[in-house]
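> fold the following and give me the result.
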Amino acid sequence: MQDREARAGLLFHLCAACVPALAILSFASPVEAAEKKYQGFFVALDYAITQPNSLDQHFATHVDASSNPVRDERLVIDNDAQATIRGTVGYRLGPGRGNLQVSYWSFENDDRQDGVLNGGVYPTIMGYSYGGGMYIYNPAGVTYGATSTVKARAWDLDYIRQIPMSSTFSLKWLAGLRAVRYQESRSFSGNDGANTFFQEKRFTSEAIGMRVGVAGVFGITRHFNLEGSIAVSFLQADTEGLATATFPSGAIQTFHGEDDHLRGNLQDYGLRAVWIYGPLDYYVGFSDYTWTGLPTDPVPAGGCCSGSLFPSSREREAVSFNALHAGVLVRFGGYK
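Sure, this is the predicted structure:
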């Protein structure tokens, strides 16, 4: 199992190290030769195995006092890959006029891990509060469980125009609007054999703004192309979150935070191979979506004995979604 997970992790690292490019369906359109003949609707559907990266969901610190020296361990949820779907509906305006299209992409994943740890466990989802810190100790073992849910959504309205640069190479220019939503929740439950301690956190970020991009289309043969692309979104965002700690006594402490003027920046990269047969395009490739700003935690965990309930910074600022994907585009009517 570990070998399989290691191979999967290596694959996604190789994807990220490759020539950055976005296999966004918003760039999925006929090759230049077909576009000269085509006016009408098209639909594209993309299926991917997507790995979230840099979520860094630190849920507790384990203190093993039985070792010499004393060993502290930072416990982080291991985020698994998940299947995702992207869909596009568009209209080709005619020769030399480009495409107008609407796209939707979503990611959703639930992770859980649990076990037994000897010594002490310090939950860090909410961290230190006015009610004090939670230090769960049992030399025979602390039973714990941690969960994570991540949801990301993107809606795009784009105009794309393809310009031939030579007989075998063309550029696609993109300009459009993007609306996104990022949601994350985490929880921790620990039991020392007599008492149960609980912490959880939920926050949501929403943003809207402009989107621009460019793709290079390399014609290899009549029926085969290579495409590399990049798109950047500049977004105005707001975020709101709530963290809760429940003590064995029944006391509850909550932290609330929000920011209505958060800067969001999304970069989409990818590389794909495209096979063209009449009104159909088939493609496979790698993609990377990097979300900056929106995944920033509005209620960061407070550190014990730091002089403040909150740390000086909001820590994590960006996460990425790397994917191995495949899809098909179908053109309707007007194809000659």
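> ok, which stretches of the stretch 151-300 of the chain are strands?
Along the stretch 151-300 of the chain, counting by DSSP state E, counting those that start in this stretch, strands occupy 169-191, 196-221, 224-246, 252-277, 280-292.
> go through the second one and flag the buried ones.
Applying a neighbour-count criterion of 16 or more other C-beta atoms under 10 Å, one finds 197-207, 209, 211, 213, 215, 217, 219 buried in strand 196-221. C-beta here means a position set from N, CA and C on the backbone, and glycine is covered the same way.
> for the stretch 1-150 of the chain, give me the ranges with low pLDDT.
The model of the stretch 1-150 of the chain has pLDDT under 70 over residues 1-37, 131.
> and the strands in it?
Using DSSP E, counting those that start in this stretch, strands in the stretch 1-150 of the chain cover 40-53, 58-64, 71-76, 82-92, 99-123, 136-164.
> just send these back as CSV, with distance to residue 270 too.
Below are those laid out as CSV (distance: least, C-beta to C-beta, whole Å):
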stretch, distance to residue 270
strand 40-53, 10
strand 58-64, 30
strand 71-76, 28
strand 82-92, 11
strand 99-123, 12
strand 136-164, 14
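> figure out which of those is closest to residue 244.
For residue 244, the closest of the strands of the stretch 1-150 of the chain is strand 99-123, at 11.5 Å, according to C-beta to C-beta.
> so what secondary structure elements neighbour the closest one?
strand 40-53, strand 58-64, strand 82-92, strand 136-164, strand 169-191 (3 or more C-beta pairs under 8 Å, 6 or more residues apart in numbering; DSSP states H and E).
> from the contact counts, what lies against the first one?
Contact partners of strand 40-53 among helices and strands, from 3+ C-beta pairs under 8 Å, 6+ apart: helix 2-17, strand 82-92, strand 99-123, strand 318-332.
> any chance of those in TSV with distance to residue 245 as columns?
Compiled in TSV, these are given as follows (distance: least, C-beta to C-beta, whole Å):
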stretch	distance to residue 245
helix 2-17	32
strand 82-92	29
strand 99-123	8
strand 318-332	25
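> the ones you listed into a markdown table, with extra columns for distance to residue 231 and mean neighbour count?
As requested, those are arranged in a markdown table below (distance: least, C-beta to C-beta, whole Å; neighbours: other C-beta atoms under 10 Å):
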| stretch | distance to residue 231 | mean neighbour count |
| --- | --- | --- |
| helix 2-17 | 17 | 12 |
| strand 82-92 | 13 | 19 |
| strand 99-123 | 11 | 18 |
| strand 318-332 | 14 | 20 |
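> out of those, flag the one nearest residue 261.
Closest approach to residue 261 among the helices and strands packed on strand 40-53 is made by strand 318-332 (18.2 Å; C-beta to C-beta).
> what angle do the closest one and strand 136-164 make?
40 degrees (axes from the mean of the first three to the mean of the last three C-alpha atoms, to 10 degrees).
> strand partners (parallel or antiparallel) of strand 318-332?
strand 40-53 (antiparallel), strand 280-292 (antiparallel) (DSSP bridges).
> tell me which of these sits nearest to residue 171.
Taking these one by one with C-beta to C-beta, strand 280-292 is closest: 17.9 Å.
> let me see the mean pLDDT of the closest one.
The pLDDT scores in strand 280-292 average 97.
> that one: how far from the chain's middle?
Chain-centre distance of strand 280-292: 13 Å, with C-alpha atoms, centre = their mean, to the nearest Å.
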